[in-house]
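Engineer: Below are the sequence and a predicted model for it; my questions follow.
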Amino acid sequence: MSVRVRYAPSPTGFLHIGGLRTALYNYLFARHHGGQFILRVEDTDRTRLVDGAVEDFINMLEWAGIQIDEGPNKGGNFGPYYQSQRLEIYKKHAEQLLREGKVYRCFCTSERLDQMRKFQEKSKLPPKYDRQCLRLSPEEIHKNLEEKVPYVLRMKLPDDTIVRFKDLIRDDVEFNTSNIDDQVLMKSDGFPTYHLANVVDDHLMEITHVIRGEEWLSSTPKHVLLYQFFGWKIPEFAHLPLLLNSDRSKMSKRQGDTEARAYPPKGYLPDALVNFISLLGWNPGDDREIFSMDELIKEFSIERIHKAGAVFNLEKLNWMNTMYIRKMPNDQIFDILKDDLEKAGYSKFPKEYILKCLGLMKERINFIHELVTFSVYFFKDPETFDPEGVKKRWAPPAKEYLTQLAIRLEKTKNFDHTEIETIFRFYAEEIQIKASELIHPTRLAVSGMTLGPGVFDLLEVLGKDVVLRRMKHAVENFDKIVAGLA
RNA sequence: GGCCCCAUCGUCUAAGGGUUAGGACAUCGCCCUUUCACGGCGGUAAUAGGGGUUCAAAUCCCCUUGGGGUCACCA
């Protein structure tokens, strides 16, 4: 039987980084085994729906390179993939359980439930439904139904029974039903709760492996019991370790960016983010750390997922992002930055020129958009000059150096790296100074900055005309700039 | 609080009875060097505590401690 897994988020918010990892692990597992990855939207809570959430799930999964085989955007043989469109199915199954006495109607008001909980809390009792409605006589039930008193359907749990199940990550886990509440399965608005909808759908969609966050571990016995109520085969469970804030609490909005969609605009590459989160709770068993999606698919195994939660460490993600930027071909970077370059007004420059600039700059930036913001001087003459740099690099002889260099550079034929370097070295030797005393003032003159690519590369890429123009401008305004007037 | 899960450098982790407890990020130092980076070399840094089992324990068992999750007509 082929593997079928699902990622089943609730559209009550945008895709969470933790959700992205859950989806990724499901996807890797599916692909590793040649199975299917399904996206199912669990929109049974009508009060917390967030506009655009489903689009965000789909967009971000696609951005990350996770391909959905079946889902709201794809269709499939097991749809619909919105739970809100499957109400009849849940109703039918709930009625079956009601007929079989596995669930019962509960007419209790939320006020009574709240009161009861408060009392239990105060008296340090476990907060549990007291089963008042389980003791209702048939006449009372009939009367309530006649009077259209709203009701929910609750699971009737067996008394004092051990529910055991095997978790692929945690091995055997067991719970006693005496610690579990009679879970509501159908709400009074006719919508199922998560527990019912989830089990019914996983069964009908022939899900073989339920891979989800650890926060579901304690409700799994309810699900196991439900499978048993229906007489269905129980899928394999794998509860993933949680993603943590730096204080080791469950990753939440309080700290850092928890929404996946925050990452692309910050300049994170999808491959880097995917690679990074793949390693949060899993590793291949050796020292390798850089993996493409295909390699992850090849290497991934549930056996190597470990149990403890993992802190989302932004610094390591940043490092990984840097690695991926360095590795990425220039024209691919160009494609990603197209809009940014356009917006900055740089797209009027020839593509080959931009590609060269990207090539020089990508070695020294951490986020892809920095390529645009830090590359201004490739596209515009500097209007300001770093004051610290001016102070340090533009001592009086620099003016003469720049003048002389400009004269010599003007005579070049190719204006390439080697030719430029020769001129610098030769002139430095001639006047008995270190080449760096020429290099630093020149960098400042042509870029306005004290850092960036190697100067000879920089000059070559900028081209003779631009370099000479900027150097002359620097010489002409040298005294003003040094005096802090320009 | 009840129930459940978990526990190796600051962080991500390797080592599933015998290792000087390994790697990566971060950090520190040195080298390279025209700046910033990259890179190279090296350093600091961990088995939560206590009991067992064993010739031998990070590793198996128990207890303690600590952390987390969950206890809704939310998922």
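Structural biologist: Happy to help now that I have it.
Engineer: Could you tell me which ranges of chain A sit under the pLDDT cut-off?
Structural biologist: Residue ranges of chain A with pLDDT under 70: A:253-255, A:485-486.
Engineer: In it, which residue is most central in space?
Structural biologist: A:A260 (3.5 Å; C-alpha atoms, centre = their mean).
Engineer: Now stretch A:96-113: buried residues?
Structural biologist: Neighbour-count burial for stretch A:96-113 flags A:97, A:102-108, A:113 (criterion: 16 or more other C-beta atoms under 10 Å). (Glycine included, C-beta is placed from N, CA and C.)
Engineer: Filter the residues you listed down to just the ones in helices.
Structural biologist: A:97, A:113 (DSSP state H).
Engineer: would you turn the buried residues of stretch A:96-113 into a markdown table with distance to A:I368?
Structural biologist: Below are the buried residues of stretch A:96-113 laid out as a markdown table (distance: C-beta to C-beta, whole Å):
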| residue | distance to A:I368 |
| --- | --- |
| A:L97 | 53 |
| A:K102 | 55 |
| A:V103 | 54 |
| A:Y104 | 58 |
| A:R105 | 58 |
| A:C106 | 55 |
| A:F107 | 59 |
| A:C108 | 56 |
| A:L113 | 52 |
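Engineer: between the buried residues of stretch A:96-113, which is nearest RNA strand B?
Structural biologist: The closest of those to RNA strand B turns out to be A:L113 (C-beta to the nearest atom of the strand; 5.2 Å).
Engineer: How about the contacts made by the closest one?
Structural biologist: Shown in contact with A:L113 (C-beta atoms under 8 Å, 6 or more residues apart in numbering): A:Y129.
Engineer: roughly how far apart are the residue nearest to the centre of chain A and RNA strand B?
Structural biologist: The gap separating A:A260 from RNA strand B is 16 Å, by C-beta to the nearest atom of the strand, to the nearest Å.
Engineer: And for A:V446?
Structural biologist: Look at A:V446 and RNA strand B: by C-beta to the nearest atom of the strand, they are 12 Å apart.
Engineer: Need phi/psi at that residue.
Structural biologist: Backbone torsions for A:V446, taken as degrees, to the nearest 10, come to phi -90, psi -20.
Engineer: Name the helix or strand for A:K348, please.
Structural biologist: A:K348 is located outside every helix and strand, with elements delineated by DSSP states H and E.
Engineer: Considering only the buried residues of stretch A:96-113, which also neighbour RNA strand B?
Structural biologist: Residues of these in contact with RNA strand B (C-beta under 7 Å from any atom of the strand): A:108, A:113.
Engineer: taking the buried residues of stretch A:96-113 one by one, which sit in strands?
Structural biologist: Residues of those located in strands (DSSP state E): A:103-106.
Engineer: Name the nearest of the residues you listed relative to A:A435.
Structural biologist: Nearest to A:A435, judged by C-beta to C-beta, of those is A:V103 at 84.3 Å.
Engineer: Let me see the contact set for that closest one.
Structural biologist: Contacts of A:V103 by C-beta under 8 Å, 6+ apart are A:94, A:97, A:153-156, A:185-186.
Engineer: can you redo those as a markdown table with secondary structure?
Structural biologist: As requested, those are exported to a markdown table (DSSP: H, G, I helix; E, B strand; the rest coil):
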| residue | secondary structure |
| --- | --- |
| A:A94 | helix |
| A:L97 | helix |
| A:L153 | strand |
| A:R154 | strand |
| A:M155 | strand |
| A:K156 | coil |
| A:L185 | strand |
| A:M186 | strand |
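Engineer: For these, which single residue is the most surrounded?
Structural biologist: Most neighbours among the contacts of A:V103, by other C-beta atoms under 10 Å: A:L185, with 27 neighbours.
Engineer: show me the contacts for the nearest residue to that one once chain neighbours are set aside.
Structural biologist: Distances taken as C-beta to C-beta, 6 or more residues apart in numbering place A:L196 nearest to A:L185, at 4.1 Å, with adjacent residues excluded. Contacts for A:L196 (C-beta under 8 Å, 6+ apart) come out as A:90, A:93-94, A:185-186, A:226.
Engineer: how would you label A:L196: helix, strand or coil?
Structural biologist: Per three-state DSSP, A:L196 ends up helix.
Engineer: Give me the distance between it and A:L204.
Structural biologist: Separation of A:L196 from A:L204 (C-beta to C-beta, to the nearest Å) stands at 12 Å.
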